[in-house]
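Enquirer: A structural model of the following input is requested.
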Amino acid sequence: MGQRFLRNRSTIASLASLSIIITAFAYLRLVSIEKVGFGVDICLFKNLTHQTCLGCGMTRAIASCIQCDFGAAIVYNPRVIIVLPLIAWVVFKKVRDDIAILCSIVKINKYMV
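Expert: Purely as a prediction, here's the structure:
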């Protein structure tokens, strides 16, 4: 019973993380850049100092890269050249691990039937 609960829990976690990643990618791909972030400035540094921080414009830059507008991405934040490959690597590892978990659960359930 305990092992089945852990399998179900890991399945739910894997499916949830995959759906969040797919939803975020679709949102950034389909929504216009002006609407990304809903026009709300939540940067604490910028709100306190009225200066831009190192991460300002990063969400719009990543959204621009996903929409294949690399020139605009560099204008929004030039650090996207460094950050986006790192984010892509982390997301790739997470998706790969989640798919491996789901495949192993499918194989286990196949033999239990």
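Enquirer: mind listing what the most centrally placed residue in the chain touches?
Expert: Geometric centre of the chain, nearest residue: residue 21, 4.8 Å, by Cα atoms, centre = their mean. Shown in contact with residue 21 (Cβ atoms under 8 Å, 6 or more residues apart in numbering): 91, 94-95. Quick note: C-beta positions are derived from backbone N, CA and C, even for glycine.
Enquirer: measure it to residue 88 for me?
Expert: Going from residue 21 to residue 88 by Cβ to Cβ, to the nearest Å gives 11 Å.
Enquirer: give me the spatial nearest neighbour of residue 80, chain neighbours excluded.
Expert: Nearest residue to residue 80, sequence neighbours excluded (Cβ to Cβ, 6 or more residues apart in numbering): residue 61, at 3.9 Å.
Enquirer: got a list of what the one you found touches?
Expert: Residue 61 neighbours (Cβ under 8 Å, 6+ apart): 72-74, 76-77, 79-80, 84.
Enquirer: mean confidence for whichever strand or helix holds it?
Expert: Assigned by DSSP states H and E, residue 61 falls within helix 58-66. For helix 58-66, the mean pLDDT works out to 87.
Enquirer: next helix or strand past it?
Expert: Note on helix 58-66: by DSSP H and E, the next helix or strand toward the C-terminus is helix 70-76.
Enquirer: what does that next one contact?
Expert: Residues from elsewhere that reach helix 70-76 (Cβ under 8 Å, 6+ apart): 33, 57-58, 60-62, 64-65, 80-81, 84.
Enquirer: and the two most separated of these?
Expert: Greatest spatial distance among the contacts of helix 70-76 (Cβ to Cβ): 33 and 81, at 17.8 Å.
Enquirer: neighbour-wise, which of these two wins?
Expert: Under the neighbour definition other Cβ atoms under 10 Å, residue 33 and residue 81 were set side by side, and residue 33 has more, 17 against 13.
Enquirer: that one against residue 64, yeah?
Expert: Yes. The pair residue 33 and residue 64 qualifies as a contact (Cβ atoms under 8 Å) at a distance of 6.0 Å.
Enquirer: show the buried residues in the contacts of residue 61.
Expert: Buried members of the contacts of residue 61, counted by 16 or more other Cβ atoms under 10 Å: 73, 76-77, 80, 84.
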